[in-house]
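K.L.:
Got a sequence here, can you model it:
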Amino acid sequence: MALEEAVARALVATRRDPTLGLVLLVVLLDNTLDADKLLAAAKARKVEPELGMFLALTAQVGRRPLLARLARRLPKHTGEPRYYPEPLGGRFGRALADQNTPAVVAAWGFRMNETETDLRGFVEKHLG
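P.N.:
A predicted model of the protein is given here:
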């Protein structure tokens, strides 16, 4: 399977497993991906807003403006915020996610219980 397809599949699985979201940041930073193949794979799996959010987040924590430019080619999630992962431990888990979500993630219509500082530290630990 191509790496671009694996990323799109990981975006689906990340809805249930927050560890995959952390790993996805490292994968996006540490690999060269074909932008057109990545966008096509995300469209086929119906995870375009998720890909945009993860690209924008990765660009922010990894300081890669090229990923932010690619993210701008994707639509944002609209409507009620979508939580990553989906089962966040009820209203208290959602409240923590609302409080801790990085601004770039919130701008895409998503919430997660990880601060930008924590995410940056994770990326630096695994790539530094």
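K.L.:
Give me the below-cutoff pLDDT ranges for this structure.
P.N.:
Low-confidence segments of the chain, defined by pLDDT under 70, are located at 87-88.
K.L.:
Residue nearest the middle of it, spatially speaking?
P.N.:
The centre of the chain sits closest to residue 54, judged by Cα atoms, centre = their mean, with a distance of 2.4 Å.
K.L.:
so which helix or strand takes in it?
P.N.:
helix 48-62 (DSSP states H and E).
K.L.:
Tell me which other helices or strands whichever helix or strand comes after that helix touches.
P.N.:
Next helix or strand after helix 48-62 toward the C-terminus (DSSP H and E): helix 65-71. Judged by 3 or more Cβ pairs under 8 Å, 6 or more residues apart in numbering; DSSP states H and E, helix 65-71 is in contact with helix 35-45, helix 48-62. The way it works is simple: take the backbone N, C-alpha and C, and place the C-beta from them, glycine included.
K.L.:
if I look at residue 6, how far off is residue 34?
P.N.:
Separation of residue 6 from residue 34 (Cβ to Cβ, to the nearest Å): 13 Å.
K.L.:
Might you report the residue contacts of residue 64?
P.N.:
29, 58 (Cβ atoms under 8 Å, 6 or more residues apart in numbering).
K.L.:
what's the distance between it and residue 56?
P.N.:
As judged by Cβ to Cβ, residue 64 and residue 56 stand 10 Å apart.
K.L.:
re the thing from before, which residues sit in contact with the residue nearest to the centre of the chain?
P.N.:
Contacts of residue 54 by Cβ under 8 Å, 6+ apart are 11, 21, 24-25, 28.
K.L.:
Farthest pair within those?
P.N.:
The largest separation in the contacts of residue 54, counting by Cβ to Cβ, is between 11 and 25 at 12.1 Å.
K.L.:
follow-up on the earlier one: of the contacts of residue 54, just say which sits nearest to residue 93.
P.N.:
Nearest member of the contacts of residue 54 to residue 93, counting by Cβ to Cβ, is residue 21, at 14.9 Å.
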